[in-house]
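[1] Model the following, please.
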Amino acid sequence: MQRNDYLIKKKLYSYLLPSVMVTAALQLGSLVDSIIVGNLMGSYAVSALNIAIPLVYFLQLPAILLGMGGSVTAAVYLGKRDADSASDVLSVSMLATIFLTLIFSAAELAFTPFFAAKLTAASDGVMYDMVKTVLYVYGVGLWPVCAVLAISYFMNVDNNPNLSAALHITANVINLSLDYILVKYTPYGVGASTASTIIGYIISGAIFVPIYLRSKNRMLKLKKISIIKKSKLFLESAKNGLPNMAMFALTAISLAVMNTSTLYILGQDMMTVYSITNDTNFIVQLCLNGIVEVIPTIAGVLYGEKDYYGIRRLLLRISKVTACVFTVLIGVFLAAPQLISKLYGFSIPELEPLYLQCLRIFSLSFAFYAVNSVIQNYYRTIGQAGIATLDTVLEMFVIKIPLALGAMMLFGVRGIFASMIVSEIAAMLIVTVIRIVLQKKGKMPQRGFAAIPDTGGDVFYDVTVTGTAEEAVGISEKLIDYCLSIGIDDNKANAVGIAAEELTVNIGKYGYKNIKRNYIDICLAKSGDSLILRLRDDGVPFDPLEYKRDETDKYNLGGIELIKRMADKMEYTRVLNMNNTVVEIRL
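    Okay, here's the model as predicted:
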């Protein structure tokens with residue numbers, strides 16, 4: 001008997017589909033917004049939407065910081081079987097997100113004309129008016145959208161990934177339906193497109209957030225809470241969200257700098273080529289974000305459990321999926337950029353050859369962008385937020401901006417996209433060198449890219465069984481023999497063996513009655529002066545702590561009462577839609 005990654009693989013693919021659907025909804029919403037506006041109002045209207053994007057990103061920073069960061073923090077606490085602290089994280093994150101977003105929105109509304117003038121390098125004209133309209137609409141209505149976005153991240157780690165997916169899909173179906181109607185049949189133009197996004201998320205949030213709050217599967221509870229009293233959890237969540245917030249903020253700054261510089265140096269036509277080419281980054285994110293955003297959800301729980309084998313297997317499988325997806329994507333951009341041009345309704349014939357060249361050049365940066373995204377999402381999950389943030393800062397600003405501005409002046413708009421290839425590679429290499437140096441100095445675990453120990457503490461056994469009676473007896477005997485071989489007395493060794501056998505048999509017999517293939521991960525470790533036995537399965541939800549046998553009970557689970565009497569401590573959590581049962585026996 002040995003450990004396998006069947007449960008990890010199963011969780012990866014069960015969470016991957018909802019995550020991809022969420023990303024598809026988010027990115028397709030932005031992508032189709034651009035397509036609808038481009039085909040109905042022309043390329044300059046798309047350019048106006050993209051010019052306004054940097055400030056819109058800034059308005060979303062609290063949701064990114066505390067939604068993503070808080071969900072990672074909650075996942076780690078759930079992995080540690082501390083659902084109460086995880087609930088505190090949810091409550092603090094939601095309260096702070098709403099409060100900060102309202103402040104950001106008020107500031108944005110007060111200075112909208114100033115921001116529009118700076119972003120468009122003009123104080124009047126059609127482009128200035130369109131950008132100002134977009135900023136006003138977002139300033140008024142984005143705060144409830146940010147609240148919905150933040151809580152959707154928690155749905156993913158709290159056994160409800162499908163609900164999160166449904167929320168985003170519904171929001172964008174409403175958004176796109178209204179988008180076409182309002183842009184085509186009303187005089188409000190880009191303002192109508194912006195309002196459609198806000199209305200979609202408000203309606204969808206009103207439907208799905210109450211469903212989540214009533215869900216029987218969730219472990220997290222919203223509480224009345226003080227941010228000041230729970231400042232430690234607030235800071236912990238902010239730290240975990242910092243890499244993503246940095247990426248978002250630096251993306252906004254980068255876009256603002258590049259948009260303004262391109263307008264001043266190359267003119268409005270080249271700005272349109274740059275803007276619409278860069279807008280295809282939504283396609284890249286459509287393919288990538290749904291994959292890499294599974295990392296914090298699953299790896300966060302595994303890291304809390306100290307399941308380092310599971311984390312390594314998760315990384316390997318995500319790397320394979322990412323490589324396959326981006327091989328196809330880059331091939332399409334290189335071989336048929338005309339499809340992208342038609343998709344966006346590019347409407348300046350004399351500039352189309354240049355636009356196609358820029359698309360091809362830009363596509364060569366996609367693979368390295370994917371690697372940096374994995375670095376940022378993974379390292380923040382395992383407590384190495386400094387490495388993740390450094391990679392973000394290098395990739396999005398320190399290297400990218402100087403290179404892009406220099407390349408723009410030397411080679412025009414083509415140079416901008418060529419410089420992106422160099423900046424992605426440089427950030428990746430610099431962070432890799434720094435990680436290796438830190439590992440050699442002992443400041444990070446010396447275990448390659450994963451940067452985690454071999455095992456979680458003093459692990460004796462880490463195996464996967466199928467739950468048959470024969471395997472249950474076999475693992476019980478092995479655990480007893482091992483405990484005796486290292487000097488643990490007979491009573492303690494037998495208690496470990498009995499607990500492992502009884503729980504394994506019960507899970508195999510009753511937990512998987514309607515599932516053909518079942519696996520159970522069993523881990524025995526020493527923590528301080530205690531033996532810790534952990535069993536993980538993805539069978540039907542069952543909390544042994546709440547089980548009380550009576551004469552009408554159709555299941556024969558009497559062994560659970562015996563385990564409760566023998567164990568010094570017994571815990572249960574339902575995380576990632578898996579049962580986690582932990583038995584502690586003090587030595």
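
[2] Secondary structure element holding the nearest residue to residue 20 once chain neighbours are set aside?
    Spatial nearest neighbour of residue 20, chain neighbours left out: residue 290 (3.3 Å); criterion: C-beta to C-beta, 6 or more residues apart in numbering. To be clear about C-beta, it is placed using only N, CA and C from the backbone, and glycine gets the same treatment. Taking DSSP states H and E as the definition, one finds residue 290 inside helix 281-292.

[3] ditto for residue 86
    Assigned by DSSP H and E, residue 86 falls in helix 83-110.

[4] how far is that helix from where the chain is centred?
    Here the centre of helix 83-110 is set off from its chain's centre by 18 Å, with C-alpha atoms, centre = their mean, to the nearest Å.

[5] what's in contact with the helix or strand just after it?
    Sequence order places helix 112-120 as the next helix or strand after helix 83-110, per DSSP H and E. The contact list for helix 112-120 (C-beta atoms under 8 Å, 6 or more residues apart in numbering) reads 51-52, 54-55, 108, 123, 127-128, 131-132, 135-136, 139, 256, 259-260, 263.

[6] What subset of these is buried?
    Buried subset of the contacts of helix 112-120 (neighbour count, 16 or more other C-beta atoms under 10 Å): 51-52, 54-55, 108, 127-128, 131-132, 135-136, 139, 256, 259-260, 263.

[7] what about the helices in the stretch 401-550 of the chain?
    For the stretch 401-550 of the chain, the helices defined by DSSP state H, counting those that start in this stretch cover 413-440, 469-485, 490-506.

[8] and those, which is most packed in?
    Here the criterion is mean neighbour count by mean count of other C-beta atoms under 10 Å, and of these the winner is helix 490-506, at a mean of 21.

[9] who's in contact with that one?
    By C-beta under 8 Å, 6+ apart, helix 490-506 touches 465, 467, 469, 471-473, 475-477, 479-480, 483-484, 520, 522, 524, 531, 533, 535, 544, 555, 557, 559-560, 562-563, 566-567, 581, 583, 585, 587.

[10] Return the residues in contact with the residue nearest to residue 584 when sequence neighbours are not counted.
    What sits nearest to residue 584 in space, not counting adjacent residues and going by C-beta to C-beta, 6+ apart, is residue 569, at 3.9 Å. By C-beta under 8 Å, 6+ apart, residue 569 lies in contact with 582, 583, 584.

[11] mind giving me JSON lines with these and columns for neighbour count, distance to residue 83 and secondary structure?
    Below are the contacts of residue 569 laid out as JSON lines (neighbours: other C-beta atoms under 10 Å; distance: C-beta to C-beta, whole Å; DSSP: H, G, I helix; E, B strand; the rest coil):
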{"residue": "582", "neighbour count": "18", "distance to residue 83": "13", "secondary structure": "strand"}
{"residue": "583", "neighbour count": "27", "distance to residue 83": "18", "secondary structure": "strand"}
{"residue": "584", "neighbour count": "16", "distance to residue 83": "17", "secondary structure": "strand"}
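
[12] And the residue nearest to residue 20, what's its pLDDT?
    In this model, residue 290 is scored at 80, pLDDT.

[13] Name the nearest residue to residue 6, sequence neighbours excluded.
    That would be residue 519: by C-beta to C-beta, 6+ apart, it lies 4.5 Å from residue 6.

[14] May I see the helices of the stretch 401-550 of the chain organised as CSV, with mean pLDDT added?
    Putting the helices of the stretch 401-550 of the chain into CSV (pLDDT from 0 to 100) gives the following:
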stretch, mean pLDDT
helix 413-440, 95
helix 469-485, 85
helix 490-506, 86
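
[15] CSV for those helices, including distance to residue 213?
    Formatted as CSV, the helices of the stretch 401-550 of the chain follow (distance: least, C-beta to C-beta, whole Å):
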stretch, distance to residue 213
helix 413-440, 40
helix 469-485, 39
helix 490-506, 32
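
[16] So which of those is nearest residue 399?
    Among the helices of the stretch 401-550 of the chain, helix 413-440 comes nearest to residue 399, with 4.4 Å by C-beta to C-beta.

[17] just checking, what packs against that closest one?
    helix 231-266, helix 268-279, helix 352-363, helix 366-381, helix 385-393, helix 400-411 (3 or more C-beta pairs under 8 Å, 6 or more residues apart in numbering; DSSP states H and E).

[18] thinking again about what came up before, CA atoms only: put the helix holding residue 290 into CSV for me.
    Presented in CSV, the C-alpha positions along helix 281-292 are these (Å, rounded to 0.1, in the frame of the first residue of the first chain):
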residue,chain,number,x,y,z
ASN,A,281,-5.1,39.7,-23.0
PHE,A,282,-8.7,38.9,-22.0
ILE,A,283,-8.4,35.8,-24.2
VAL,A,284,-5.2,34.8,-22.4
GLN,A,285,-6.8,35.3,-19.0
LEU,A,286,-9.8,33.4,-20.2
CYS,A,287,-7.6,30.4,-20.8
LEU,A,288,-5.3,30.9,-17.8
ASN,A,289,-7.0,32.3,-14.8
GLY,A,290,-9.5,29.5,-14.3
ILE,A,291,-6.6,27.0,-14.1
VAL,A,292,-4.2,28.9,-11.8
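
[19] what angle separates that helix from helix 352-363?
    Counting by axes from the mean of the first three to the mean of the last three C-alpha atoms, to 10 degrees, helix 281-292 lies at 20 degrees to helix 352-363.

[20] could you check the angle helix 366-381 makes with the next helix or strand after helix 281-292?
    Toward the C-terminal end, the helix or strand that comes next after helix 281-292 (DSSP H and E) is helix 294-305. Helix 294-305 runs at 30 degrees relative to helix 366-381, counting by the same axes, to 10 degrees.

[21] in the helix or strand just after helix 294-305, what counts as buried?
    Counting by DSSP H and E, the next helix or strand C-terminal to helix 294-305 is helix 308-335. Buried residues in helix 308-335, counted by 16+ other C-beta under 10 Å: 308-315, 317-318, 321-322, 325-326, 329-330, 333.

[22] Setting aside sequence neighbours, what's the nearest residue to residue 544?
    Take residue 544 and drop its neighbours on the chain: the residue closest to it by C-beta to C-beta, 6+ apart is residue 560, 4.9 Å away.

[23] repeat for residue 581
    Closest residue in space to residue 581, ignoring its immediate chain neighbours: residue 535 at 4.9 Å, by C-beta to C-beta, 6+ apart.

[24] Tell me what that neighbour is bridged to.
    residue 522, residue 581 (DSSP bridges).

[25] Let me know the distance separating it from residue 520.
    6 Å (C-beta to C-beta, to the nearest Å).

[26] who touches both of the two?
    In contact with both residue 535 and residue 520: 504, 507, using C-beta under 8 Å, 6+ apart.

[27] out of the two, which sits in the more crowded spot?
    residue 520 (28 against 22; other C-beta atoms under 10 Å).

[28] what sits against residue 333?
    Applying C-beta under 8 Å, 6+ apart, we find residue 333 in contact with 280, 340, 359, 360, 362, 363, 366.
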